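Visitor: just need the structure, nothing else, for what follows:
(one chain, ligands or ions: 2)
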Amino acid sequence: MSAPNAHPDANTPADAARPRNFIEQLIDADAASGRWGVWPKSEGPDRAGKPRVHTRFPPEPNGYLHVGHAKSICLNFGLARANAGKFNLRFDDTNPAKEEREYVESIKRDVAWLASAFNAGSFDSGPHAGGLFFASDYFDKMYDHAVDLVNKGKAYVCQLTADEVSARRGKPGVPATSPHRDRPPSESLKLLDEMRRGLHPDGSMTLRARIDLASNNFNLRDPVMYRILHQHHHNTADKWCIYPMYDWAHGIEDSLEGITHSICTLEFEDHRPLYDWFIKSINEGRSPPVWHSQQIEFAKLAPSYTILSKRNLLRLVQEKFVTGWDDPRMPTIAGMRRRGYTAESIRNFCDDIGVTKTDSLIDIGRLEASLREHLNRVTPRAMAVLDPIKVVVENWPEGKTDQLDFVINPEDPAAGTRKVPFTRELWIERDDFMEVPPKKFFRLFPGGEVRLRWAYFLKCERVVKDADGNITELRCTIDPDTRGGDAPPGPDGKPSRKVKGTIHWVSAAHAMPAEVRLFDRLFSAEEPGKRTGNFIDDLNHDSKRTVRAFVEPWLANAAATRGGALVSGTGPDGAPPTGGGFQFERLGYFCTDPDSAPDPRRLVFNRTVTLKDTWAREAAKA
Ligand code: ATP
Ligand code: MG
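Guide: Ligands and ions are numbered 1, 2, ... in the order given. From the prediction side, this is the model:
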C-alpha cells in the first residue's frame, strides 16, 4: 500500500512514501488555481479536461548527455507522466559554433532510452509524446519579436565591442553605460536589418534589451539579445548570421510550445526576471498575449568522483583519456549504457536523491547502490574465472560430463534453472587457493575442502609446480555423495558434514576464453580539480584493467544470441528491463561490450559494478 500522500507516479515504496517535492507542490497549486487551464477535448479521454502540465528537456547539442541531464529528463518526463501531461524534446541549437548532428542523434537515442524506464513511451511516441523540436526552427519568429521590441523602444542596436561592453559594465551601485541606448528605433531597425543581412562583421554590434543599466541584477543591465556570427548552422545552414542569446531565445521557445513548467538549474534563478521581462515586453499591447511559461529552478546533480560539464567531458575525449563519449568509464548516458547500467537504475537513483533547491555533492555510491539493487533483482547468474588456475579432479573419469542444475537467479524463482557441465578438469580463481592459508581462510588449501557452487565438495590433495616453483595445477578429489553442493543428511536429518567456503568454477573442457574489462572510477578525488584547478590532475590511472578470463559456455551463447540482454526479471510495470547483463558469481555484474563479435567469436565483457561497495570499505578503513 502506498502512503496517503503518495504521488501517483510512485516507482518504489520509498518513492511512494516520500513527501511531494517543491515542484510537485507547485504543480498541485497551479492545478488547484486553474493557472494553466485544462487540456482540450482533442487530446483524448486520458488527458482532456485535466489541468495542463507540459514539460520539456532542452539540451544544447554540443556534446553527449551525462547523468546530470538524466536527472533533468527523469524529472521532466516523470512530471508529464504523473500528471497525464506532455513532454517535449527540444534542441536549444542557438549557437552554431559548437553544435553537431552527431550530438543531435545521440541525444535522441539517450532520451528515448531513459524514458523507456517509465514504460510510457517517449518524446515522440506513447501517451506523453509532446514532440521533437529545434529552437532554430523558431528563428524567424524570434526575429519578428525582436523587431517588435525595437519598435516599442525596448531594444536597440549597440555598437560597442564585447570588450567595451565589459569595460562599461559598472559595479554594484555604479551603473553601466552605453552611448547607443537612446538611439531612435528607426535607426536600430535599419542596423538590425543590416546585421541580419550580413553587412557587418562578427562582434561589431549587438542587439540589446533596453532594461536597466543600474540594476543590481547584472543580467538586467541591457543584456544582449542577438550577436553577429557568420557561421554555418546544422539546421538553418547559411540563412542566418545573427544568432539569439539563451535568455532571449529560451522563453520564446517555451512560449511557442505552450510549456507550463520550464524547469532549469539553479544558476538561472537570477535570469528569471529577464525571462519574464522578455515575455511581458512581447505581450505589452498585444492581444491575445503569447503564452508565458513559468521558469522553475532546482539544484544540479553533482555526483562525487565525477565531472559533468559537456565541455569538460569533450576534453577527456579529445585528449584521449578515454576511448570516446561512450567509454564505459564516462558519466555519459551512452557510457553508462555501455557499462551495463539499466535505465531503471538511473531513474530509481533520481527518485532516491529527489529534487532540492540547494546545491550539494551526491555520493556516487548511491548511484552504484541503485544499480546493484536493480541488477541483483534482474540479472541471471553465471560463472566466470578471471584469474584461472587448473584443478584436476583425480577421482573423476576422463571424458565424463555431469550436467548440474544451476539456479538462474535466486531473487527470481520464476527464472528457473539451467544445466552446467562438470568435468575432470576445472578452472578456479587463483586467489581462492592458498598453499599456506592464514587463520579463517575458508577457501581451498592443501588438505582443505570447499564447495564448488551447485556441484560437489572438493578436497585439495596435492599441488603441482613447475621448475620455478610456480603452481601449475591442483590435484583434487570430489566427494560423490555431495552432488548439488550438500552432504547427504545424517541421522538428525541435517547435512552430515559441512564446509564453510563456496567457490565458483568453470569446466575447462567447455570454457570459452573471454576478454574482461575491469573498470574503476575515472577520478580518484571526490571533487576532481578542486585541489589544483585542473581535473586532469585527479584522473585515476588504474581505472581500466583487462584480463583474460574463462567463462562457462552458456555465457558465450547468451552473449551472442541475446546481446547480453536479460533472461530474468522485469522492469517497471512488467516491461522488459532496459539492459543489464549477468552476475558473475562472487565477482560482480558484467555485460557484453559492443566490441564482442560472433564471428570469429570474440567475447568481451565489461564489469558494470562490483558486488559490494569497495570504496566505502576502503574509506571505513582509513
Ligand atoms: P553542461 O554544462 O553539462 O553542458 P548544460 O546545462 O549547459 O550542461 P544543456 O544542454 O544546456 O547543458 O542542458 C539541458 C538541460 O539539462 C537543462 O535544462 C539543464 O538545466 C539540465 N542539466 C544540465 N546539467 C544538469 C545537472 N548536472 N543536473 C541536473 N540538470 C542538468
Ligand atoms: Mg551548456
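
Visitor: I'd say residue 152 and residue 282 touch.
Guide: No - using C-beta atoms under 8 Å, residue 152 makes no contact with residue 282, being 9.0 Å away. For every residue, glycine as well, the C-beta is placed using N, CA and C.

Visitor: check contacts around the residue of the chain found nearest ligand 1.
Guide: Per C-beta to the nearest ligand atom, residue 68 is where the chain lies closest to ligand 1, at 2.3 Å. By C-beta atoms under 8 Å, 6 or more residues apart in numbering, the contact set of residue 68 is 300, 301, 302, 308.

Visitor: which stretches of the protein have low pLDDT?
Guide: For the chain, the stretches flagged by pLDDT under 70 are 1-16, 559-580, 599-600, 616-622.

Visitor: got the residues of it near ligand 1?
Guide: Contact residues (C-beta under 6 Å from any ligand atom) of the chain with ligand 1: 58-60, 63, 68-69, 71-72, 264-265, 300-301, 308-310.

Visitor: which of the residues you listed tops the neighbour count?
Guide: Ranked by the number of neighbours (other C-beta atoms under 10 Å), the residues of the chain next to ligand 1 place residue 301 first, at 26 neighbours.

Visitor: which ones are touching it?
Guide: Residue 301 touches 67, 68, 70, 71, 308, 350, 353, 362, counting by C-beta under 8 Å, 6+ apart.

Visitor: secondary structure class for residue 204?
Guide: Recorded secondary structure, residue 204: coil (DSSP: H, G, I helix; E, B strand; the rest coil).

Visitor: if I look at it, how far off is residue 196?
Guide: For residue 204, the distance to residue 196 equals 13 Å [C-beta to C-beta, to the nearest Å].

Visitor: can you list phi and psi of the residue nearest to residue 479 when sequence neighbours are not counted for me?
Guide: Nearest residue to residue 479, sequence neighbours excluded (C-beta to C-beta, 6 or more residues apart in numbering): residue 457, at 4.4 Å. As for residue 457, its main-chain torsions (degrees, to the nearest 10) stand at phi -70, psi 140.

Visitor: neighbours around residue 457, how many?
Guide: Using other C-beta under 10 Å, residue 457 has 21 neighbouring residues.

Visitor: so it sits right up against residue 480, yeah?
Guide: No - when contacts are counted by C-beta under 8 Å, residue 457 is not listed as touching residue 480 (9.5 Å).

Visitor: any chance you could list what contacts stretch 335-345?
Guide: Contact with stretch 335-345 is made by 64, 67, 110, 113-117, 322, 325-330, 346, 367, 370-371, 373-375, 378, 519, 564, 571-572, 577-581, 589-591, 593-594, 606, 608-609, as judged by C-beta under 8 Å, 6+ apart.

Visitor: swap in stretch 128-137?
Guide: Here stretch 128-137 makes contact (C-beta under 8 Å, 6+ apart) with 54-56, 58, 77, 80-81, 85-94, 108, 120-124, 233, 235-236, 249, 253, 257.

Visitor: show me the helices in the stretch 1-150 of the chain, by range?
Guide: For the stretch 1-150 of the chain, the helices defined by DSSP state H, counting those that start in this stretch occupy 13-17, 22-33, 67-82, 101-115, 139-151.

Visitor: neighbour count winner among residue 204 and residue 196?
Guide: Of the pair residue 204 and residue 196, residue 196 is the one with more neighbours under other C-beta under 10 Å, namely 19 against 13.

Visitor: without its sequence neighbours, what residue ends up closest to the more buried one?
Guide: In space, and not counting its chain neighbours, residue 196 is closest to residue 242: 5.4 Å by C-beta to C-beta, 6+ apart.

Visitor: quick one: contacts for the one you found?
Guide: Contacts of residue 242 by C-beta under 8 Å, 6+ apart are 195, 196, 207, 226, 227, 228, 229.
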